[in-house]
Every structure is written in C-alpha cells, then in structure tokens.
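K.L.:
For reference, the sequence and a predicted model appear below.
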Amino acid sequence: MKHQETLIVAQVIQHSEKLNAKRHIIPAHMQDKWQSLMKQVDSLKPSINPITMRKSVSFQGTLDDLNALLLALSTMNRLVNN
C-alpha cells in the first residue's frame, strides 16, 4: 500500500470507530447507510492487523474510492452529532 493510501485508510478506520461508538444513537433512517459503510470499512481492517507480516487488503478500490469512503463516513459522523 502506498503512503497516501495508508494515511487515508487510517482516517477511514478512525472515523468508523467513532461511528461505531455512537451506533446506538444513529437514527433508524440512517441504519442501512451505516451498515453499508461498515461493510466497506471491514474490507480494510486486515491492512491494520499487526499479526501478519504481509498485509493484504480485500478492498479493491482506488485512492478516489478511499477518499469517497472517508467523505461518506465524515458526513455521517457530522449528521449523527447534530
């Protein structure tokens, strides 16, 4: 994984953890979107697993896809906070 991608993956995981901590206050009309975003984030989680030496990721998107996921998580986080 390239340095830029690694930074974005870290931000995506950070935002997903914030949302996961607030999952009990996510409105019902946003639950489907939240679950969809969490499935996308789950495909990134092997990239931060410290046990394996070779970090494989099942996420097959581009840097733009990672940025879009980060934006979607940030937006949802703001909506949940308001």
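P.N.:
Right, received. Where do you want to start?

K.L.:
For the chain, give me the ranges with low pLDDT.
P.N.:
1, 45-59 (pLDDT under 70).

K.L.:
show me where it has helices.
P.N.:
3-21, 31-42, 63-81 (DSSP state H).

K.L.:
Kindly reformat these as a markdown table containing mean neighbour count.
P.N.:
The C-beta positions use only the backbone N, C-alpha and C, and glycine is treated the same way. Putting the helices of the chain into a markdown table (neighbours: other C-beta atoms under 10 Å) gives the following:
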| stretch | mean neighbour count |
| --- | --- |
| helix 3-21 | 15 |
| helix 31-42 | 14 |
| helix 63-81 | 15 |
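
K.L.:
Contacts only, for Lys2.
P.N.:
Leu63 (C-beta atoms under 8 Å, 6 or more residues apart in numbering).

K.L.:
measure it to Thr62 for me?
P.N.:
11 Å (C-beta to C-beta, to the nearest Å).

K.L.:
How about His29?
P.N.:
Counting by C-beta to C-beta, the gap from His29 to Thr62 is 30 Å.

K.L.:
Compare those two (neighbour count), which wins?
P.N.:
Thr62 (10 against 7; other C-beta atoms under 10 Å).

K.L.:
Ramachandran angles for that one?
P.N.:
Here is the backbone geometry of Thr62 (degrees, to the nearest 10): phi -100, psi 180.
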